[in-house]
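Peer 1: Got a predicted structure here, sequence first:
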Amino acid sequence: MTDPEIIIYTDGSSRGNPGPGGYGIIMKDCKSGYSKEYSKGFKLTTNNRMELMAVIDALKKVKKEGLKILIYTDSKYVANPIEKQWLQNWKKTGFKNKKNVDLWLEFLTLFEKHKIKFKWVKGHNNHPQNERCDNLAFTASKNTKLFDDDGYNINLNKLF
């Protein structure tokens, strides 16, 4: 993507899978150079849910529609369905046998509002923003006040 208007860096983690988890986000406005960090922790979740939720929550913070957004992630679980165009097929098949459908559906509504490109970066490889997001995610997972991951809890309840 040439000349993105917003660059987003994300990472998610869980201590145990499932276990307490969190995500970290850095958002940068390319025009002004302004950047801001966000993080949030959850009581019981999975790594993949945190990776995807980080992207969703970052996109929810974008106030304008139709922007060119470049998202850096170390999650192939998040990047590949978009960059390899699997997600549209998943949608056509009703997400049959796919996990985290609640998040993928929420992501799709946000994805359709912008021109989004993902760039995969190798995790824990000294990429400064990825390392910072990793730290934000891990720290958030250890907060004393953790949130419920309602989507994970609903999926868990279907097992009983």
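Peer 2: Great, that's in hand.

Peer 1: Using the three-state scheme, assign Ser39.
Peer 2: Three-state call for Ser39 (DSSP: H, G, I helix; E, B strand; the rest coil): strand.

Peer 1: I'd assumed Phe138 was in contact with it.
Peer 2: No - in this structure, Ser39 is not within contact of Phe138 by CB atoms under 8 Å, at 9.3 Å. The C-beta positions use only the backbone N, C-alpha and C, and glycine is treated the same way.

Peer 1: which residues are in contact with both of those two?
Peer 2: Between them, Ser39 and Phe138 share these contacting residues under CB atoms under 8 Å, 6 or more residues apart in numbering: Gly22.

Peer 1: so where do the strands sit in this structure?
Peer 2: In the chain, the strands defined using DSSP state E lie at 6-14, 19-29, 35-45, 68-73, 115-120.

Peer 1: Give me the packing partners of the last one, helices and strands only.
Peer 2: Using 3 or more CB pairs under 8 Å, 6 or more residues apart in numbering; DSSP states H and E, the elements in contact with strand 115-120 are strand 68-73, helix 76-83.

Peer 1: ok, now with 10 Å
Peer 2: The helices and strands touching strand 115-120, judged by 3 or more CB pairs under 10 Å, 6 or more residues apart in numbering; DSSP states H and E, are strand 6-14, helix 47-60, strand 68-73, helix 76-83.

Peer 1: Compare the strands of the chain and report which one is nearest to Phe107.
Peer 2: Closest to Phe107 of the strands of the chain, according to CB to CB: strand 115-120, at 9.8 Å.

Peer 1: What distance do you get for Gly22 to Ala137?
Peer 2: Per CB to CB, to the nearest Å, Gly22 is found 5 Å from Ala137.
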